[in-house]
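Peer 1: Generate a structure from the sequence data that follows.
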Amino acid sequence: MNGTSEAHDTTTAEDGGGLDPREAARLLEQTTREAQRGFDMRSPLLSLLGAATVLVALGAVWLSVRGQHPYTGPTAAGLVVMYGVLICWIGVVVTVNRRAMTGLRGRSLRQQRGYAAVGVTALVAVSVFQGALRHYGVSHAIVYGIYPVTVQLIVLATLGAAVAATREDWPGLGVAIAILLVAAGSAFAGPAGVWLSDGLGCCGAVIGYSAAQAWVRYR
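Peer 2: Sure thing, here's the model as predicted:
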């Protein structure tokens, strides 16, 4: 009887009746990582929509400032189009992420809120510093041209790169680095040209990211 019982217990363990805690932890970590990777851009189609958004938003500002001599900054119409398009885009992203995060609790949810808080705080700090530059008489070409779009893109891309690296999202890390380079290089295009250069460059980078997403899904 004892031999039969021991043989039964051995067979059960070998057949997977018990799960190695280390294996369970590894599977949980892998599943969590894969879930987190989907929160930023849910699909290649959504990425393409983002590429179109940044091109239209920055392109509208460029149309409003091209030919300005001296440079005075974006017109009200250009800003209305830019912010209107961006608000619509943010609404789409928030809706998609909210659905994706339904039922999410604990550490993952806290991380998402932490990332959002850091991003908002950084953008507010950029705007406050822009006001300080204007207060001390820095030219309109810097305050309303090169500075805002360049610094905001660098801040957002840096945050995105950090998040992507934490999640081991290599396509996401690549597009963030590409946007960093675009923002830095476009600053040499001048107060008017910087808007068009950033729009085209960021659009191209996000299209590349969309292609990478599609390739990964195809595999």
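
Peer 1: Next one: the residue nearest in space to the middle of the chain, what pLDDT does it get?
Peer 2: For the chain, the residue nearest the mean C-alpha position is G160 (4.8 Å; C-alpha atoms, centre = their mean). On pLDDT, G160 comes in at 91.

Peer 1: Report the helix or strand with the lowest average pLDDT across this structure.
Peer 2: helix 2-14 (a mean of 48; mean pLDDT, DSSP states H and E).

Peer 1: quick one: contacts for the residue nearest to the centre of the chain?
Peer 2: 40, 172, 175-176, 179 (C-beta atoms under 8 Å, 6 or more residues apart in numbering). For the C-beta atoms, the positions are set from N, CA and C on the backbone; glycine is no exception.

Peer 1: If we only consider these, which is nearest to P70?
Peer 2: The shortest approach to P70 among these belongs to I179, at 29.3 Å (C-beta to C-beta).

Peer 1: which residues does that closest one contact?
Peer 2: The neighbours of I179, taking C-beta under 8 Å, 6+ apart as the test, are 153, 156-157, 160, 201-202, 205.

Peer 1: run the last query once more with 6 Å
Peer 2: By C-beta atoms under 6 Å, 6 or more residues apart in numbering, the contact set of I179 is 153, 157, 202, 205.

Peer 1: Can you lay out those residues as JSON lines showing distance to L46, secondary structure and neighbour count?
Peer 2: As requested, the contacts of I179 are exported to JSON lines (distance: C-beta to C-beta, whole Å; DSSP: H, G, I helix; E, B strand; the rest coil; neighbours: other C-beta atoms under 10 Å):
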{"residue": "L153", "distance to L46": "20", "secondary structure": "helix", "neighbour count": "23"}
{"residue": "A157", "distance to L46": "18", "secondary structure": "helix", "neighbour count": "22"}
{"residue": "C202", "distance to L46": "15", "secondary structure": "helix", "neighbour count": "26"}
{"residue": "A205", "distance to L46": "15", "secondary structure": "helix", "neighbour count": "22"}
